[in-house]
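Student: Have a look at this prediction, sequence included:
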Amino acid sequence: MSFKIEKIRDILKEKKLDGFLVSNATNVSYLAESPITDSYLLLTKGKNILLTDFRYILEAQALKNFTTERIDVSFVDTIASVAGKLKLKRVGFEGRSISYSVYVKLKKALKKTVLIDTCDIVEKMRAVKERSEVGLLRKAVKVTEETFFYIRKTLRSGMTEEELKKRIAIYIKSHNGAEEAFSTIVASGPNAAKPHANATTRKIGRGEPIIIDFGVKFSGYNSDLTRTFYLGKMDSKFRKIYDIVLRAQEAAISFIRPGRIVSELDLAGRDVIKNAGFGKQFGHALGHGIGRDVHESPKIFKTAKGHLLMGMVLTVEPAVYIRGWGGVRIEDVVLVTKKGCEVLTDAIYK
């Protein structure tokens, strides 16, 4: 039996729950160790029940250590029937992944069962990666490296943001088993002042910042990388801003090691930018966890709770955005190791 599920059973015992309903698609896939979609998982003290419909019933039945329940009418009716048969009195559920309307229907259908919101049980487990997961992340990073060097070779003035974005997508998909982790950001000149700018028909020019943020998904695991390019001889303003952002990232990465407080990691990078006079131009979090989802636990911001743990994989992405001019963002993927950290994307030039 998977140690992940046994760990959840320990949590159920601690919280005095008879069962735990997993509805977040990524969490279901993680616990079932399968890419199965549109399914739910009900874990009890002695059963692992996968609830799915006709489309995926054969895949579900092929999984070891799981029993299956087919959803014929609705998910709510099926879970109510199973909970009734097992006489479940207290069931935890993932409040963030179930809409209020579905919650109301569940509460009505599960008349003899109390529903307890138990968010982040699986997310906290997913935050610490197993060795095999880190291996898959390294493979995603490898394709990311190759894509970066393709961008360096391809990028030229006169091409549009949309054109470059399409070329990046085609290149990533040319690698067997790889796909885009998210919609690539290509933002040039003033557009680079928008953290999540959409690529436009604007032509990329010389003498301006060009932010490119892209990621690769490989075997269910994601990378996330940002580099800021500049065509031509760098002017003093770009060089100054770039140096500030790079120093902020270096300060943050040097802070990373097990036991450190997550909010202090954010401040380690943020304070460099603030002390340089650009605090108001850096308005988002310093980074985030990454794995099966591009954005997952831990969230790295100035009021975040919790500590860094060995095995966590994070992004560190300080930035400065100046309206009318553009911006600079540098992002890398970092693994928390036993005594410090390893920058998984360290082979990619900054």
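Tutor: Nice, thanks for sending it over. Note that the structure is predicted; figures quoted are calculated from it, not measured.
Student: Surely V328 touches R247?
Tutor: No - here V328 lies out of contact with R247, judged by C-beta atoms under 8 Å, at a distance of 11.6 Å. Every C-beta, even on glycine, is put in place using the N, C-alpha and C of the backbone.
Student: Have a look at the two and say which one is more surrounded.
Tutor: V328 (26 against 16; other C-beta atoms under 10 Å).
Student: what lines up beside the helix or strand that contains the more buried one in the sheet?
Tutor: Here V328, judged by DSSP states H and E, is contained in strand 326-329. Take DSSP bridges as the rule and strand 326-329 pairs in its sheet with strand 319-322 (antiparallel).
Student: Buried residues in stretch 113-128, which are they?
Tutor: Buried residues in stretch 113-128, defined by neighbour count with 16 or more other C-beta atoms under 10 Å: T113, L115, T118, I121, V122, E123, M125, R126, A127, V128.
Student: All the helices of the stretch 1-150 of the chain, residue numbers only.
Tutor: With DSSP state H, counting those that start in this stretch as the criterion, the stretch 1-150 of the chain has helices at 3-14, 25-32, 57-61, 75-86, 100-109, 121-127, 131-154.
Student: what about those, which gets the closest to D346?
Tutor: Nearest to D346, of all the helices of the stretch 1-150 of the chain, is helix 131-154, at 9.6 Å by C-beta to C-beta.
Student: At which residues are the helices of the stretch 251-350 of the chain located?
Tutor: 262-275.
Student: any chance you could map the strands in it?
Tutor: Taking DSSP state E, counting those that start in this stretch to define them, one finds strands in the stretch 251-350 of the chain at 287-289, 296-300, 313-316, 319-322, 326-329, 332-336, 341-343.
Student: Report the contact partners of the closest residue to K7 other than its chain neighbours.
Tutor: Leaving aside its sequence neighbours, K7 sits nearest to M125 (C-beta to C-beta, 6 or more residues apart in numbering; 6.5 Å). By C-beta atoms under 8 Å, 6 or more residues apart in numbering, the contact set of M125 is K4, K7, I8, Y30.
Student: how about a cut-off of 10 Å?
Tutor: Applying C-beta atoms under 10 Å, 6 or more residues apart in numbering, we find M125 in contact with F3, K4, K7, I8, I11, N27, Y30, L31, S297.
Student: same thing with K173?
Tutor: K173 is in contact with E179, E180, V216, counting by C-beta under 10 Å, 6+ apart.
Student: ditto for I79
Tutor: I79 sits next to 19, 21, 23, 40, 42, 49, 51, 69, 71, 88, 91, 93, 106, 109-110, 113 when contact means C-beta under 10 Å, 6+ apart.
Student: Run the chain-centre distance for the strand holding V328.
Tutor: In this view, strand 326-329 has its centroid 22 Å away from the chain centroid, taken as C-alpha atoms, centre = their mean, to the nearest Å.
Student: Redo the buried residues of stretch 113-128 as CSV? Include distance to G259 and pLDDT.
Tutor: Listed next are the buried residues of stretch 113-128 as CSV, based on distance: C-beta to C-beta, whole Å; pLDDT from 0 to 100:
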residue, distance to G259, pLDDT
T113, 40, 95
L115, 36, 96
T118, 26, 92
I121, 22, 94
V122, 23, 96
E123, 20, 96
M125, 19, 95
R126, 20, 97
A127, 15, 98
V128, 14, 97
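Student: out of these, who's nearest T315?
Tutor: Nearest member of those to T315, counting by C-beta to C-beta, is A127, at 13.1 Å.
Student: need the contact list for the nearest residue to the closest one once chain neighbours are set aside.
Tutor: Excluding the flanking residues, the one nearest A127 by C-beta to C-beta, 6+ apart is S297, at 4.2 Å. Under the criterion of C-beta under 10 Å, 6+ apart, the neighbours of S297 are 120, 122-128, 262, 288-289, 291, 304, 306, 312.
Student: ChimeraX command to pick out the buried ones of the contacts of I79?
Tutor: Filtering the contacts of I79 down to the buried ones (16+ other C-beta under 10 Å) takes a single ChimeraX command:
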select :19,21,23,40,42,49,51,69,71,88,91,93,106,109,110,113
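Student: sorry, back to before: can you tell which of the helices of the stretch 1-150 of the chain is closest to A268?
Tutor: Among those, helix 121-127 comes nearest to A268, with 19.4 Å by C-beta to C-beta.
Student: Distance from that closest one to the middle of the chain?
Tutor: 12 Å.
Student: how about stretch 133-147: buried residues?
Tutor: Buried-residue list, stretch 133-147, by 16+ other C-beta under 10 Å: 133-134, 136-137, 139-147.
Student: All good on my end, thank you.
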